[in-house]
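Asks: let's see this in three dimensions:
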Amino acid sequence: MSATPANWYMVQYVQAEKNNKGTMEAASLFLRYLLELQEEGWFRGFLDALDQAGYSGLYEAIESWDFQKIEKLEEHRALLRRLQPVFKTRVNPKDILPDISECLIDQECEEIIQVCSNKGLMAGAEKMVECLLRSDKENWPKTLKLALEKEESVFSELWTVEQGAKGVETKDLGDEEIETSEIQIFYKEEPEYQNLSQNSSPPSEVAPLKIRNYQLELALPAKEGKNTIICAPTGCGKTLVSLLICEHHLKKFPQGRKGKVVFFAIHLPLYEQQKSVFSQYFERRGYKVAGISGATSENVVVDQIVENNDIIILTPQILVNSLKDGTIPSLSVFTLMMFDECHNTSKHHPYNMIMFNYLDQKLGGSSDPLPQVVGLTASVGVGDAKNRDEAMEHICKLCASLDASVISTVKDNLQELTEVVYKPEKNFRKVESRTTDGFKCIISQLMRETESLAKSIFDELGAVTPENLSRFQNRDFGTQKYEQWIIAVQKACIVFQLPDKAEESRICKALYLYTSHLRKYNDALIISEHARMKDALDYLKDFFNNVRAAGFDETEQDLTRRFEEKLPELESVSMDPSNENPKLKDLCFILQEEYHLNPETRTILFVKTRALVDALKKWIEENPKLSFLKPGILTGRGKTTNNTGMTLPAQKCALDAFRTNGDNKILIATSVADEGIDIAQCNLVILYEYVGNVIKMIQTRGRGRAKGSKCFLLTSNADVIEKEKMNMYKEKMMNDSILSLQAWDEAIFKEKVCQIQIHEKSIRDSQGKAKPVLDKKNKKLLCRKCKAFACYTADIRVVEECHYTVVGNAFRECFVCRSHPKPKIFGSFEKKAKIYCAREDCSHDWGICVKYKTFEIPVIKIESFVVEDIATRVQTLYAKWRDFNFEKIPFDAAEMSN
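Replies: Residues are numbered from 1 along each chain as shown. Below is the predicted model of the structure:
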């Protein structure tokens, strides 16, 4: 089509129609113009333009004049239109865009990213739906399904590719489902062969391994050189199996050649244990063993450690980073890779990042040798499978991820296994909640008052109020759903804008305070629900004491006064014996009964939150019937909003006390203990309102190892019991599915695995098509709490690729420094102080001050700021620097000197 003035005007009219009325109207106008064309060859030109623009489905349909494939997509379009309200609230478009970009054209991908940045994820999700409804790609419904499943999106259950829109009902996602998703984390499993790290033999003696027949059976396929997933119960000695495989592998090399083994452990406690076990066992046999974790990587040269040792124990992110920066050129430097808790090899987990590298090398036709792969787990899981076929597909995907051709389980030596690994008897106890709850009534009244104060601010604003921000009614106090609503309101408040910036700052700060207090009240109700009212009240007292110790402005004074007015009433209710929690009565009865039957009982009590750990510890210590148990506690190392987790030495100390101190009879723990710390002595496991997926169930139950051990699930919620029974059903389905797959011919199984790998790689390769657009415009960073100006993006510099500082003296006027409570040196940095917003009524945490080489510089964290577009004044929140696509200028020492 020639570029005549008429054609140029046609393009302008079509573009204007798109801008004013939308894509559909613009397309209709374009077709009307097209049908009026008289030039020869316009039809072929039109087809070629479609093909070049990426409309391959439409091109093929018109070329062959067969529209069946496109027409078949209509039922999926109908379903997506119907599910759009759920899609936009449940799907993060940024997460799935890389996987579905092949079904969209490049311009649409860029538009989705732009809308997400400017208007938020819900608007981005709406834009994604709009683009998918126009997609002419035959496979877009299936690709969308795979992307949703990969992200474990709850929406994937509603997106039924096979049936389209027929018989599909949208379902309300209730509070229980939200709670369930909250506790699905990376699961860990223990190193069972504990005595290896206890120096039982003098260095000169090499004690032979006491190997059982079922362990030899588990190790056999790997010893034959096959890529293997070893799936066996917690407590059966999989660490011993890994030692057996590792030793056989290293011995098989002829003189002049050497093997090199890398063993991965996900978290520090497990890394420490496995490093100790491997060092004790192999160093006596003349092998060199070393380990690198995140805590030690700054002080070592990774490639030298790998080159100079036979066995290297790593946390997996170390290898991910080393492959990325070229420190380790290729996985071919290893001859064997062993993945502890290999069921984590999915999505963006470091295990999967390593295996992506492996599979790219395998499928890319490289001639370099690849290492053997061995995975160890107590459970391969079944994902969201509803039947055996879906469970088998899930397991095949895990095998594809690990390039495994064999799943090794105990079949020939089951009798011996059952003598060693006892499956605890499982008891379900449905317990009653309080019939009346005076504490909840008082706290609920305080929450309603606080909501009214927050709502009054919106009433002042009138029509300016952002949508969904002022919906305070019909909320269930004391639930995780309420907490999620609070978080959503806080995020909306942070980017709320008014012409009067002082008024905007006042309103945002007040709303932040109101919702923070609501969140604490909500926490207290959850503690009261599961523990004592007294513990919940102590939690609130601590909070208000901290409030008084901080800025304590007029709003905080008013909220504190309201709480203190109710305090005598709360004290009276919490001390009333008639308000004792029936759940605690039942828990007390179980503990008394079990210790009466066996005074040597060792118990792990699992609860969901750290606040409950503290509350139940105090309850046991103050209960004359139970204080003899002398409870210990074990929580994770991660940091929450209010708490810093236990340090690694503190975890070790707690575990050692439980293992060796006979007086320490009970350990109260969050998920960290079911994640893999070695606790062989436990013979009673109590799950207190605590349930997860099938992997969590198998590993938690495995903590009770002694014969005659028991496992109790205590809950006031019948749905929790049903979920646990469903987990038991899924465990049986998993075992049946493994048996079915083991019956396949090995060549057929390998072919199935290979097909999955090729398909997954094609999806993975398409991710490069949706590269984020670099925003070169200068923007403002504002304090996330008070909205005070901090700096411009043009003044930000990147130090060593991942740390962000601000140059210029102006920024130094915006913050104040206070000595860091834990100064330390990491790499090239010396942490010296913390920096805070300089406004006295704010003091929001902005980051740290460090000494870097000869410079003292601030290092800021993006989650402490709001990013404002100077031209449009649109404000955006970012959780990570990598999500913020601005022009990142490297730190330059010369610039600082000038």
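Asks: the bottom helix or strand of this structure by mean pLDDT?
Replies: The least trusted helix or strand in the chain, going by mean pLDDT, DSSP states H and E, turns out to be helix 175-182, with a mean of 27.
Asks: what's the first helix or strand after that one?
Replies: helix 213-223 (DSSP states H and E).
Asks: residues contacting that following helix, please?
Replies: 228, 230, 232, 236-238, 240-241, 244-245, 248-249, 372, 374, 406, 408-414, 416-417, 420 (CB atoms under 8 Å, 6 or more residues apart in numbering). Where you see a C-beta, it was placed from the backbone N, CA and C, and this is true even at glycine.
Asks: just checking, what packs against the strand or helix carrying residue 354?
Replies: Residue 354 is located in helix 350-363, with elements delineated by DSSP H and E. On a contact count with 3 or more CB pairs under 8 Å, 6 or more residues apart in numbering; DSSP states H and E, helix 350-363 meets helix 316-325, strand 336-340, helix 746-765.
Asks: wait, doesn't residue 361 sit right on residue 370?
Replies: Yes. With contact defined as CB atoms under 8 Å, residue 361 reaches residue 370; the gap is 6.3 Å.
Asks: what touches both of these two?
Replies: If you check residue 361 and residue 370 against CB under 8 Å, 6+ apart, the residues they both contact are 331, 332.
Asks: where's the nearest residue to residue 753 once chain neighbours are set aside, which helix or strand?
Replies: Closest residue in space to residue 753, ignoring its immediate chain neighbours: residue 400 at 4.7 Å, by CB to CB, 6 or more residues apart in numbering. Element membership of residue 400, judged by DSSP H and E, is helix 388-401.
Asks: any chance you could map the strands in the stretch 1-150 of the chain?
Replies: Counting by DSSP state E, counting those that start in this stretch, the stretch 1-150 of the chain has no strands at all.
Asks: distance of residue 580 from residue 534?
Replies: 10 Å (CB to CB, to the nearest Å).
Asks: which helix or which strand is home to residue 599?
Replies: Using DSSP H and E, residue 599 sits within no helix or strand.
Asks: give me the neighbour count for it.
Replies: By the measure other CB atoms under 10 Å, the count of residues near residue 599 is 9.
Asks: who has more neighbours, residue 580 and residue 534?
Replies: Comparing residue 580 with residue 534 by other CB under 10 Å, the one with more neighbours is residue 534, at 21 against 13.
Asks: chain neighbours aside, what residue packs nearest to the more buried one?
Replies: Nearest to residue 534 is residue 574, by CB to CB, 6+ apart, at 4.6 Å.
Asks: can you tell me the SS state at that neighbour?
Replies: Classification of residue 574 by DSSP: H, G, I helix; E, B strand; the rest coil places it in helix.
Asks: spit out the contact partners of it.
Replies: Shown in contact with residue 574 (CB under 8 Å, 6+ apart): 439, 532, 533, 534, 536, 537.
Asks: now do 6 Å
Replies: Counting by CB atoms under 6 Å, 6 or more residues apart in numbering, residue 574 touches 533, 534, 537.
Asks: now do it against residue 617, distance only.
Replies: For residue 574, the distance to residue 617 - CB to CB - is 18 Å.
Asks: pLDDT weak spots in the stretch 51-200 of the chain?
Replies: For the stretch 51-200 of the chain, the stretches with pLDDT under 70 are 79, 81-86, 88-90, 119-120, 122, 149-158, 160-200.
Asks: what do you get for the stretch 401-550 of the chain?
Replies: In the stretch 401-550 of the chain (pLDDT under 70), the answer is 460-475, 493-495, 549-550.
Asks: for it, what spans make up the strands?
Replies: Using DSSP E, counting those that start in this stretch, strands in the stretch 401-550 of the chain cover 406-408, 425-430.
Asks: ok so, going back, helices - which of the contacts of helix 213-223 land there?
Replies: 238, 240, 241, 244, 245, 248, 249, 414, 416, 417, 420 (DSSP state H).
Asks: how close does the residue lying closest to the last one once chain neighbours are set aside sit to residue 409?
Replies: Put plainly, it is residue 420. Leaving aside its chain neighbours, residue 420 sits nearest to residue 236 (6.3 Å; criterion: CB to CB, 6+ apart). For residue 236, the distance to residue 409 (CB to CB) stands at 11 Å.
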